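[1] model this:
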Amino acid sequence: MVAARITVNGKETPISPAAPHTTVLDYLRERGLTGTKEGCAEGECGACSVLVARPGVNKPTDWVAVNACLVPVAALDGQEVITSEGLATAGESGTPAVLHPVQEEMAVRGGSQCGYCTPGFVCSMASEYYRPDRCAHPESADGSDADTDAEHGPNGFDLHALSGNLCRCTGYRPIRDAAFAVGTPTEDDPLAQRREQSPPEPVATEYALNDSVFLRPGTLADALRLLRERPDAVVVAGSTDWGVEVNIRSRRANCVVAVDRLPELRELRVESGHIEIGAAQTLTEIERRLDGSVPLLAELFPQFASRLIRNSATLGGNLGTGSPIGDSPPVLLALDASVVLADADGEREVPLSDYFTGYRQSVRRPGELIRAVRIPLPLSPVTAFHKIAKRRFDDISSVAVALALDIEDGIVRKARIGLGGVAATPIRALAAEAALEGEPWSAETVAAAARVLRSEGTPMDDHRASAGYRSAMLGQSLLKLYARTTEAVSS
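    Numbering: from 1, shown residues only. Coordinates of the predicted model:
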């Protein structure tokens, strides 16, 4: 087995003697790259953001910003990382380095004050700077920028790229101004040129120290054999959940198995009867590959944590944790999705409505992996996703409601409603669905079904919301969908 190594700012260096649970953040700082900061250790502030070379959607390689505080450094064995220090171009002998364009804009527009969060902002901004399909919007006849809004700049910059980065002293306007001022990479930009070459291939990894081991199998078959031999293993993909456990709760595992780069878990196929999404594709990859073709998922993605988290998080991980407040389960329940479970003996398909059995429990057996999620076709045409939280973005749901309806000739032929945050597991609102199906899509029907929907689940009082508020939001979500559909018809 080749010794585990990582390339940082163009220089290859061994991972040893870092422990298998050591994060990329700690690894970098121990080597003097202190631009990478720890602010929260939970992936919510972005001070630790770095760039990783990943398989691209529109080019061979994408420069993807990730939370270095969550990713084990062993997970980047054989991979390339750029930190804020690596963005600047070295000057001639005796001259200072030349700032990267995003660093230059942050400096001249006053986007940095204490500087603590700045390197993370710069890396997240650089990831958007190098996004291949980012392009300037055309000007309208009156000279204004057409097709822009408060969250998109005239240069095509999507502010959601910075949704996982927090600043406590400068204020966001100069940071936004810097983001909206950056141009496009020049032809001689080395990081732009790097996009035209394939990223490093995933390597099989066996990195051990003392009694702990980090393993990255090369194939799905190898992974399933390994899980049969090591039922105690912790399975990670993006590590956005496990990384928090390591940092905040000081959890350690004797064996961690990484499945995020398994080719068999990274496919996306659209077939005659369903869409199959590999469980290890990141949410950002799914979003860009589907490109709005599943409207309910397109509503979900901008509200799921932050871009930094979506760049690592996976559907398999979100379902595998079994959290009752995960954002994807209500949407997938409304889409009538199923999960494909695989072990060393074969595969089985389980409807997601039958998957959860209790708080953070499921029908998944020891040794089984979620290989894929299947969404049946055709899709219901009337859909909505309502996430009720204290912040618009990068927050945990108090309640999440996903609705998908088939309405023909004014009659509700099929209704699927997925709920999160109102029971020990994500659930289908079966009673409300029954109250809608076969009935006219009318104010009377919707009002009656909304009363039923308010009684679904077993909502509780906690620091995020009261049980009464949660119940009220359930019914309100259906009324909101009805109002939206009737407004669309009347207009």
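
[2] ok, which stretches of the stretch 351-491 of the chain are helices?
    Residue ranges of the helices in the stretch 351-491 of the chain, as given by DSSP state H, counting those that start in this stretch, are 430-436, 443-454, 467-490.

[3] show me what the second one is packed against.
    What it means is helix 443-454. helix 430-436, helix 467-490 (3 or more C-beta pairs under 8 Å, 6 or more residues apart in numbering; DSSP states H and E). In this view, the C-beta of every residue, glycine as well, is placed from N, C-alpha and C.

[4] related to what we said a few turns ago, which one of the helices of the stretch 351-491 of the chain lies nearest to residue 152?
    helix 467-490 (22.8 Å; C-beta to C-beta).

[5] residues touching residue 289, list them.
    57, 268, 281 (C-beta atoms under 8 Å, 6 or more residues apart in numbering).

[6] return the closest of those with respect to residue 5.
    Out of those, the member with the shortest distance to residue 5 (by C-beta to C-beta) is residue 281, at 25.9 Å.

[7] what are the phi and psi angles of the closest one?
    phi -70, psi 140 (degrees, to the nearest 10).

[8] for the nearest residue to it once chain neighbours are set aside, phi and psi?
    Nearest residue to residue 281, sequence neighbours excluded (C-beta to C-beta, 6 or more residues apart in numbering): residue 266, at 5.4 Å. When read as degrees, to the nearest 10, the backbone of residue 266 gives phi -120, psi 20.

[9] could you report the neighbour count for residue 266?
    20 (other C-beta atoms under 10 Å).

[10] verify the stated contact: it with residue 282.
    No: the criterion here is C-beta atoms under 8 Å, and residue 266 misses it with residue 282 at 9.2 Å.

[11] for the stretch 51-200 of the chain, which segments count as strands?
    61-67, 80-82 (DSSP state E, counting those that start in this stretch).

[12] which of the ones you listed has the highest mean neighbour count?
    With neighbours defined as mean count of other C-beta atoms under 10 Å, the strands of the stretch 51-200 of the chain peak in mean count at strand 61-67, which reaches a mean of 26.

[13] who does that strand pair with, and is each partner parallel or antiparallel?
    Within its sheet, and counting by DSSP bridges, strand 61-67 is paired with strand 49-55 (antiparallel).

[14] what average pLDDT does the strand it pairs with get?
    Averaged over strand 49-55, pLDDT sits at 97.

[15] residue 480 contacts residue 385, correct?
    No: contact status for residue 480 versus residue 385: not in contact, 11.1 Å apart, counting by C-beta under 8 Å.

[16] turn the helices of the stretch 351-491 of the chain into JSON lines, columns for mean neighbour count and distance to residue 136.
    As requested, the helices of the stretch 351-491 of the chain are exported to JSON lines (neighbours: other C-beta atoms under 10 Å; distance: least, C-beta to C-beta, whole Å):
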{"stretch": "helix 430-436", "mean neighbour count": "19", "distance to residue 136": "45"}
{"stretch": "helix 443-454", "mean neighbour count": "18", "distance to residue 136": "43"}
{"stretch": "helix 467-490", "mean neighbour count": "16", "distance to residue 136": "31"}
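
[17] check what pLDDT residue 471 gets.
    Predicted confidence (pLDDT) for residue 471: 96.

[18] tell me the contacts of it?
    Here residue 471 is in contact with 422, 454, 455, 459 (C-beta under 8 Å, 6+ apart).

[19] try it again with 6 Å
    454, 459 (C-beta atoms under 6 Å, 6 or more residues apart in numbering).

[20] for the residue nearest to residue 281, what are its contacts?
    278, 280, 281.

[21] and which of those is nearest residue 206?
    For the contacts of residue 266, the minimum distance to residue 206 (C-beta to C-beta) is 19.4 Å, reached by residue 280.

[22] assign a three-state SS to that closest one, would you?
    What DSSP: H, G, I helix; E, B strand; the rest coil gives for residue 280 is coil.

[23] quick one on the thing from earlier: for the helices and strands packed on helix 443-454, which one sits closest to residue 96?
    Closest approach to residue 96 among these (C-beta to C-beta): helix 467-490, 54.9 Å.

[24] leaving out the residues flanking it, which one is nearest to residue 482?
    In space, residue 482 comes closest to residue 446 once its chain neighbours are excluded; the distance is 4.3 Å by C-beta to C-beta, 6+ apart.

[25] pLDDT below threshold where in the chain?
    Low-confidence segments of the chain (pLDDT under 70): 1-2, 91-94, 138-148, 488-491.

[26] which residue is nearest the middle of it?
    residue 310 (1.8 Å; C-alpha atoms, centre = their mean).

[27] closest to residue 34 out of the helices and strands packed on helix 443-454?
    helix 467-490 (43.6 Å).

[28] and residue 158, how many neighbours?
    By other C-beta under 10 Å, 16 other residues sit near residue 158.

[29] try residue 137
    For residue 137, the tally of surrounding residues (other C-beta under 10 Å) stands at 15.

[30] right, and it touches residue 153 too?
    No: Residue 137 is not in contact with residue 153 according to C-beta atoms under 6 Å; the separation is 8.3 Å.
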